[in-house]
Structure formats: structure tokens, C-alpha cells
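Enquirer: build me a model:
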Amino acid sequence: MRRAFAILLTGTLLGQSAEAGEPAMQTNHPYAGMWVTEDGRVRHELLPGGRYVEARGRRERAYEGRYEVTRTHIEYWDDTGFTADGDFVDLNTLHHGGMVLRRRQGAGEN
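Expert: This next block holds a predicted model:
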């Protein structure tokens, strides 16, 4: 029962309407993509639709939820109920939870 409520609340916070069934897209920021700690242990994938997937070590989907970016600040709401935040110090550096994550360039990017 509690988990079902969290899922409903998350959908509502994303701007999901009961009729449309589609979450609001958050595409107005330059930070979507993969963010990785120097040792590669923590990996955040910020999806363009306002969702994220975090991998920790060998756990590829350790955490999942939604996020919102306001200017250079990011807020995370995990599907299990906890929250976190961070700050982008430039286009390639994210400070989050005492960690420094760098943007991972995709194949063919410099």
C-alpha cells in the first residue's frame, strides 16, 4: 500500500495527468546524459524525460526515480521515497552527496 502511494505521488509530481498518462518532459537543461565518479563506481544517467537511473558498482539499477534541474541545481526523488540533491559546477562536473561526477562522453563525442 505504501509503495503504491509513492508511485502515484511520483507520477503526480512529474506532471502526469490522469487522462494523458504521460509524464511531463524536462528537456530544457543541458545536463541530460551519463555522469560518473572518477573510479567509475557510481554512475547517474539523467534521462531527458526527467527520470534517472543510478548504478553503484555492479548494481546497474541500484536507484531510480525522477529529477528536476533548476538553473545549476538538481533535486532527486527516488522511487523508494528518499530525496537527494546536487549542483552542477560547470557543464561537465556534478557535485552530489560528497561525490564529484563527470560527464561521460558518448561514442563519437570529444
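Enquirer: just give the number of residues close to T80.
Expert: By the criterion of other CB atoms under 10 Å, T80 has 10 neighbours. All C-beta atoms are positioned from the backbone trio N, CA, C, and that covers glycine.
Enquirer: meant to ask about W35, not that
Expert: 26.
Enquirer: then H29?
Expert: A total of 17 residues lie near H29 under the criterion other CB under 10 Å.
Enquirer: swap in the one 3 residues further on?
Expert: Counted with other CB under 10 Å, the neighbours of A32 add up to 17.
Enquirer: what's the closest non-adjacent residue to it?
Expert: Leaving aside its chain neighbours, A32 sits nearest to P48 (4.6 Å; criterion: CB to CB, 6 or more residues apart in numbering).
Enquirer: repeat for L101
Expert: W35 (4.0 Å).
Enquirer: direction included, what does the helix or strand that neighbour falls within pair up with?
Expert: Per DSSP states H and E, W35 falls inside strand 33-37. When pairing is defined by DSSP bridges, strand 33-37 lines up against strand 42-46 (antiparallel), strand 99-104 (antiparallel).
Enquirer: returning to what we had before: how close does the residue nearest to A32 get to N92?
Expert: For P48, the distance to N92 equals 18 Å [CB to CB, to the nearest Å].
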